[in-house]
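**Q** Need coordinates for the following:
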Amino acid sequence: MRRKTKILGILIGVFCLFLIPKFVFAQIPIGNYQAELVDRSPSQVKLKIGETKELWVKFKNKGDVVWLKDVFRLGTSNPRDRSSVFLSSNRVEMIKEKVKPGEIAEFRFKIKAKKVGKFREYFALVADGFKWLSNEIYWDIEVEEAKFKATYLGQSPYPEILAGEIAELWIEFRNDGNISWKKDVVRLGTSRPLDRGSIFSKDWLSQNRIEMNKEEVKPGETVKFTFKIKAPFKEGVYREYFRLVADGIKWFDDIGIYWDIRVEPKIYKARFVKKSPDPILKPGETKELWVEFKNEGNISWKKNGINPVRLGTFDPIDRSSLFFSGNRIELKENEIKPGSIARFSFKIKAPVEIGTYKEKFALVVDGLKWLFDTEIEFNIKVEKELVLKNPIRVGLTFLDAPSFISANGDFVVRDGKGNFVKRYKKGEKVKVELAEIGYFPNSLSFIPINDAILQIENPRINKSYNRFRGILTFVRSKYSSRAWVVNELELEDYLKGLAEVPDNWPKEALKAQVIAARTYALRNKLDPKADIFDLYDDVRSQVYLGFNSEIQKPNQKIAVEETKGLVVKYKGELALTYYFSDSGGATEDISNVWGTDVAYLVSISDPYSLPISWEYNFSNKELKEIFYQELQKAGLEKEIIVDIEIKERFPSNRVKEMIFKMSSGRELKISYLDINKKIGWSIKSSMFWVKNLGPEANPSFKFYGKGWGHGVGMPQWSAKRMAEKGMRAEEIINYFYPGTYIEG
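**A** Predicted structure coming up:
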């Protein structure tokens, strides 16, 4: 039992040990605490009620212990730790964090007079929690009665203010007392009853206090209290009383200061003035719109802050707009006063879908009310002005007569720099003459809207095929100075308007033709026929008849769509995909036609040939006209051709060289290069034979042969016959362009 009691005693002792404040062990240095008074503020102090004054004292550390700020302090004494009528605490800290032996410690503190009378305030140095030093000092403080007296000088007029609005008031006094007014003491307070909370307070010190606009007002000086009031939302006339007060000391005499404040209802009223014209936009295009209203109410419209006036989407209210983000549009100006005009400016962006849209708006006082009688409407037309992505330029004809442009829809005209010139409606005709075009690089482009089809009337363009997709551009070549009309359109649309083979041919033949034609067009785009276009619209390039031909060839359109993007390549490059009508049994090596070598354009046996047989009788005069340049160069243009001999043929059976025997006995060699220049409607291919029809002095000649065209590449009739046998487009292409491949 005694053993248990002993253990319990030890535990209680340990517990009590922990109750002793830790700073006794951790913070109080043990040693000799000695101090010597060095200097101090005067011991006699006079104050008036409410005044403050700073006192100070300096001691020298004469001991051997460092004085720490959080331990060594100046404390109230006589008796020790008494409450001071001048201080809120009974301790004053050193200014420094620590004072070593031999150094000076300074103590500074403010006293505030709260009570009239004479007081002696004692202080002494103390090492808190350890010991008091004998260095006691005191101040004799005399506090006199303060005379807080003011003379009223004037105030702002009684205000008329709109519900919820803010106004500024002021009142002016002169200090006729014997004490300076300090900002943190003398204030304007609500009265009748005293210290009531005002419903008009706005950024006051509190709901019942208003500060001076000066830090100090000495006797004889004037001061103005300027303050804001915010009107309640209930209309009426309110009387607000005020009175000067020295906070914590006394109220000034009540001289009956008040304002009668008239609160009037806010009237939001607007009248529509004007708006920007209804816009016409391209898909994705942006445009700025605006609308103006006159403020006919009694309150200013604010751009921001509480209850701003904005233009909001309407019908239904607050719907999300298709043309801009959100459903509100801000004022352009920060404030619109009654009687002034407000403008709302905003940008819209057209959607992708074409059409006519209605955008309705009305004015709204955000957080308060809609002005339903301000509804306005924009009719926004979204039209697609054609923008080409992968165009090809086709030269339709040179211009030597006026042209007339129209369309089955609207279209616009732009100059060579893309600047807008004019807009035309469906059915309107535009006359274009050379004088109106000017010289290169000036041009005029006619651009369809919403996929309209353009039509041109010109003597050089067949009336049956004068409608075109895409853009028609009138432009003058800087090389030839000749003006042309050029059709710029998407490559795939161009292919739909080609008229190279009949539309009732087998699908695979049509597809082979389209793939070859697409490749041919792209190769020509890399090496265009002229500075202003890539291809001719005739046999010099590919026969292109435009939109009417597209309508007449629905199967070709399908072939274009099913082969979209497919081209013929050789070793990664676009191939030269020449084609022609019929081979007569064998194609020709390109070197034997145009004198150049291409690995995949070689002579190939063609068992699929139709073949086409042809013949034509030439008079001597006609034949000389055809070969006039060759005869003139040799000085034989005035002689008669008396006989023709086929001197040599290529393996394909095409003529390599023939000889004209002239009436003088001289001979003229006509090479395959010269012959191939003449292949057309009379001489249909170079696979021909010649028969002299006499008479001997001036004979005519019968040319007869097989095949049609230059013989290089793919024969169109052979492609048809191969497709009829079930061969696919790729097989046809690979057969006539050996070593190539199709890529999309």
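**Q** Helices along the stretch 601-744 of the chain, start to end?
**A** Counting by DSSP state H, counting those that start in this stretch, one finds helices in the stretch 601-744 of the chain at the ranges 620-626, 628-633, 672-676, 716-724, 729-736.
**Q** Kindly present the ones you listed as CSV, with separate columns for mean pLDDT and mean neighbour count.
**A** Where you see a C-beta, it was placed from the backbone N, CA and C, and this is true even at glycine. Compiled in CSV, those are given as follows (pLDDT from 0 to 100; neighbours: other CB atoms under 10 Å):
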stretch, mean pLDDT, mean neighbour count
helix 620-626, 95, 16
helix 628-633, 95, 14
helix 672-676, 91, 18
helix 716-724, 98, 22
helix 729-736, 98, 21
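**Q** List the buried residues of stretch 554-573.
**A** Residues of stretch 554-573 classed as buried under the neighbour-count rule (16 or more other CB atoms under 10 Å) are Gln556, Lys557, Ile558, Ala559, Val560, Thr563, Leu566, Val567, Val568, Tyr570.
**Q** ugh, wrong one, I meant stretch 597-616
**A** When burial is assessed from 16+ other CB under 10 Å, stretch 597-616 yields the following buried residues: 598, 600-604, 606, 608-612, 614.
**Q** Now do the phi/psi pair for Leu368.
**A** Note on Leu368: backbone dihedrals following degrees, to the nearest 10 are phi -130, psi -60.
**Q** Would you mind giving me the confidence score for it?
**A** Listed pLDDT for Leu368 reads 87.
**Q** which residues touch it?
**A** Going by CB atoms under 8 Å, 6 or more residues apart in numbering, Leu368 touches Tyr268, Asn307.
**Q** Turn the buried residues of stretch 554-573 into a markdown table, including secondary structure.
**A** Converted to a markdown table, these look like this (DSSP: H, G, I helix; E, B strand; the rest coil):
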| residue | secondary structure |
| --- | --- |
| Gln556 | helix |
| Lys557 | helix |
| Ile558 | helix |
| Ala559 | helix |
| Val560 | helix |
| Thr563 | coil |
| Leu566 | coil |
| Val567 | strand |
| Val568 | strand |
| Tyr570 | strand |
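**Q** Present these as TSV; the columns should include pLDDT and distance to Lys429.
**A** Supplementary listing: these in TSV, determined by pLDDT from 0 to 100; distance: CB to CB, whole Å:
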residue	pLDDT	distance to Lys429
Gln556	97	30
Lys557	97	29
Ile558	97	34
Ala559	98	35
Val560	98	31
Thr563	98	37
Leu566	98	40
Val567	98	39
Val568	98	42
Tyr570	98	48
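**Q** With distance to Tyr536 as extra columns, can I get these in a markdown table?
**A** Rendered in a markdown table, the data for these read as follows (distance: CB to CB, whole Å):
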| residue | distance to Tyr536 |
| --- | --- |
| Gln556 | 20 |
| Lys557 | 22 |
| Ile558 | 26 |
| Ala559 | 22 |
| Val560 | 20 |
| Thr563 | 23 |
| Leu566 | 24 |
| Val567 | 20 |
| Val568 | 21 |
| Tyr570 | 25 |
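**Q** quick one: which of these is nearest to Asp64?
**A** Distance to Asp64 across these (CB to CB) is lowest for Val567, with 102.4 Å.
**Q** Among the buried residues of stretch 597-616, which ones are in strands?
**A** Judged by DSSP state E, the subset of those located in strands is Trp614.
**Q** and which of the buried residues of stretch 597-616 is nearest Arg721?
**A** Using CB to CB, Tyr608 is the member of these that sits closest to Arg721, with 4.4 Å.
**Q** quick one: the closest one and Arg721 touch, right?
**A** Yes: here Tyr608 reaches Arg721: they are 4.4 Å apart, a contact under CB atoms under 8 Å.
**Q** which stretches of the stretch 51-200 of the chain form strands?
**A** Secondary structure of the stretch 51-200 of the chain (DSSP state E, counting those that start in this stretch): strands at 52-61, 67-68, 72-77, 91-93, 98-99, 104-112, 117-127, 131-144, 150-155, 160-162, 166-175, 181-182, 186-190.
**Q** Name the strands paired with the second one and say parallel or antiparallel.
**A** Paired neighbours of strand 67-68 in the sheet (DSSP bridges): strand 98-99 (antiparallel).
**Q** neighbouring contacts of the strand it pairs with?
**A** The set of residues that contact strand 98-99 without belonging to it, under CB under 8 Å, 6+ apart, is Asn61, Val66, Trp67, Leu68, Lys69, Phe72, Ala105.
**Q** could you dump the residues you listed to JSON lines with neighbour count?
**A** Conversion of those to JSON lines gives the following (neighbours: other CB atoms under 10 Å):
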{"residue": "Asn61", "neighbour count": "21"}
{"residue": "Val66", "neighbour count": "15"}
{"residue": "Trp67", "neighbour count": "24"}
{"residue": "Leu68", "neighbour count": "18"}
{"residue": "Lys69", "neighbour count": "14"}
{"residue": "Phe72", "neighbour count": "26"}
{"residue": "Ala105", "neighbour count": "23"}
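**Q** quick check, nearest of those to Val245?
**A** Ranking these by separation from Val245, with CB to CB as the measure, puts Lys69 on top at 38.2 Å.
**Q** any idea how the protein splits into domains?
**A** With domains defined by automatic domain parsing, the chain comprises 27-144, 150-264, 270-382, 391-560, 579-607+713-743, 613-706.
**Q** mean confidence for the first one?
**A** The average pLDDT for domain 27-144 rounds to 93.
**Q** roughly how far out does that domain sit from the chain middle?
**A** Distance, stretch centre to chain centre, for domain 27-144: 70 Å (CA atoms, centre = their mean, to the nearest Å).
**Q** Ok, the shortest one next?
**A** Its chain's C-alpha centre and that of domain 579-607+713-743 lie 52 Å apart, by CA atoms, centre = their mean.
**Q** Could you check which helix or strand contains the closest residue to Phe378 other than its chain neighbours?
**A** Using CB to CB, 6 or more residues apart in numbering and skipping the chain neighbours, the partner closest in space to Phe378 is Glu359 (4.6 Å). Assigned by DSSP states H and E, Glu359 belongs to strand 355-365.
**Q** and stretch 443-455, how far apart are its ends?
**A** For stretch 443-455, the separation between the terminal residues is 18 Å (CA to CA, to the nearest Å).
**Q** nope, stretch 647-667 is what I meant
**A** 12 Å.
**Q** Give the rounded mean pLDDT of it.
**A** With pLDDT averaged residue by residue, stretch 647-667 scores 96.
**Q** Identify each buried residue in it, please.
**A** By neighbour count, and taking 16+ other CB under 10 Å as the criterion, the buried residues in stretch 647-667 are Arg649, Phe650, Ser652, Asn653, Arg654, Val655, Lys656, Glu657, Met658, Phe660, Lys661, Met662.
**Q** and of these, the nearest to Glu696?
**A** For Glu696, the closest of the buried residues of stretch 647-667 turns out to be Lys661, at 11.6 Å, with distances computed as CB to CB.
**Q** Can you name the residues that contact Phe378?
**A** Shown in contact with Phe378 (CB under 8 Å, 6+ apart): Lys275, Asp278, Pro279, Leu289, Lys358, Glu359, Lys360, Phe361.
**Q** so it, which of the three states?
**A** strand.
**Q** Likewise for Val486?
**A** With three-state DSSP as the basis, Val486 sits in strand.
**Q** Based on its surroundings, how many neighbours for it?
**A** Neighbourhood size, Val486 [other CB atoms under 10 Å]: 22.
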